[in-house]
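Trainee: Provided below are the primary sequence and the corresponding predicted coordinates.
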Amino acid sequence: MSESALLAVVKTDLRTFFCIGILLLSTILSGCSGMGPGNPNSNMVADREIINAGESVNFDARTSTTPEPTIIDEFRWNFGDGNTKITKQGIVNHIYIQAGTFEVEVTVVNDEGASDSTILRIFVNSPPQIEIEIPDYIKTGESAILDATESFDPEGAPIEHFWDFDINVDDDGDGDPTNDKNSEGPVTEITLIDVGNHSGALTVVDDNGASSILIWSIRVISRNFRVVWEEEIIEFDWNGYLEEEESEIIEHIPGPNSRIIEFTATLTLARDIFLPEDNFSLGINIPESGWSNTVITVHENITKNASAQIEKGDMNNIPESGYTVSASSATELEDSLLNEPGERFGQGNWKWTVTAVECDPDIPIDEIDPDQGNDWHLNVVLTRLTLRISEVSS
């Protein structure tokens, strides 16, 4: 072989070797960068990127691809909260317990061992923190202030407060007796009358719908009252002047907060200038008791004024007095004692009617009756027992 031919062969071999080397180097470099024809292309989406602590997220990497003829062999998940998972399918569900922002990474690996990764972020919202101030106990019939103004949202968002006053009653009928909305706002007030432990619930919700619930309890203790019926003798007086067929009506309530035992009413007429004496009537009507009576004045003794009298005794029984009793409130106890069945006679409005039935003509003076009517005086003496209730220490 000539020297020139030998030189041409050597040049051809060198070019072939160089091309093969360049091809191998290109293949190695492209494999390392993940951009070679045999590498997968990862992709991932989440059904939610903002959740509340304790909720779950679905991650979907099924749109990831790998060049033919390779196939995706597995999906390697890192949820950013210390938990990992490997799946053959490109969809997975994960629950986040702790609040915070987490980077979720999926690595897609094909059957040649080539891989590609994608990252997205998930924000996990923290639920509100409940701080509540309530009294340890109250007495029956008293009101308690429930204060949750110190409650807050860790992310600084606004919050709403919903109070359920009784966790043993499902007011809204949804099957959950702790989520009724009996009151709203950071501060509320409740009045309790039953002795024992009373429990309710407070639900606090932030702007993302995350909620916290706290069961609270207040001890309700009984109240003791001293009951005394104090006897009083009350006197009422009215005066007037009536001519024949005229009437005077007097209305009053003689026994507020008391039990009436008896009364005597006396109508007395002024002495006539000349005989005979005038005749007046006195009527009494007690509508709530359904009782009324009417009498006419009489003149049995010429030395005394004409008069009429209405008496009634034993209107109610004399109750026990000077004892201590437990009750929800003084008002409730008073109401029960004053309205005891069979002991309400005389309660409410009384209506007295004084009528000049007959004013006999006196001897005329210059053909004029000097006294065409008469002065009258009504005196009512009433015995009543007034209820005195005072709270005493337990």
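Mentor: Great, that's in hand. Residues are numbered from 1 along each chain as shown.
Trainee: what number of residues lie near the nearest residue to residue 160 once chain neighbours are set aside?
Mentor: Closest residue to residue 160 apart from its sequence neighbours, by Cβ to Cβ, 6 or more residues apart in numbering: residue 205 at 4.9 Å. The C-beta positions use only the backbone N, C-alpha and C, and glycine is treated the same way. Counted with other Cβ atoms under 10 Å, the neighbours of residue 205 add up to 18.
Trainee: which parts of the host helix or strand of residue 205 are buried?
Mentor: For residue 205, the host element (DSSP states H and E) is strand 196-206. Using 16 or more other Cβ atoms under 10 Å as the test for burial, strand 196-206 gives 198, 200, 201, 202, 203, 204, 205, 206.
Trainee: and of the residues you listed, the nearest to residue 307?
Mentor: Closest approach between the buried residues of strand 196-206 and residue 307, by Cβ to Cβ: residue 198, at 62.2 Å.
Trainee: how about the contacts made by the closest one?
Mentor: 166, 192, 217, 218, 219, 220 (Cβ atoms under 8 Å, 6 or more residues apart in numbering).
Trainee: repeat the analysis, applying 10 Å as the threshold.
Mentor: 138, 144, 165-168, 190, 192, 216-220 (Cβ atoms under 10 Å, 6 or more residues apart in numbering).
Trainee: which stretches of the chain have low pLDDT?
Mentor: Scanning the chain for pLDDT under 70 picks out 1-37, 272-276, 360-372, 394.
Trainee: and this protein, what are its domains?
Mentor: Residue ranges for the domains of the chain, per automatic domain parsing: 1-33, 45-125, 137-221, 226-392.
Trainee: of those, which is nearest residue 39?
Mentor: Here domain 45-125 is closest among the domains of the chain (Cβ to Cβ), at 4.3 Å.
Trainee: now do the end-to-end distance for the closest one.
Mentor: 19 Å (Cα to Cα, to the nearest Å).
Trainee: related to what we said a few turns ago, quick one: buried ones out of the contacts of residue 198?
Mentor: Counted by 16+ other Cβ under 10 Å, these give 138, 144, 165, 166, 167, 190, 192, 216, 218, 220 as buried.
Trainee: in the residues you listed, find the pair that's most separated.
Mentor: That would be 138 and 167, which, of the buried ones among the contacts of residue 198, are the farthest apart (Cβ to Cβ) at 17.8 Å.
Trainee: how about the contacts made by residue 190?
Mentor: By Cβ under 10 Å, 6+ apart, the neighbours of residue 190 are 134, 138, 142-146, 163, 165-166, 182-183, 198, 200, 218.
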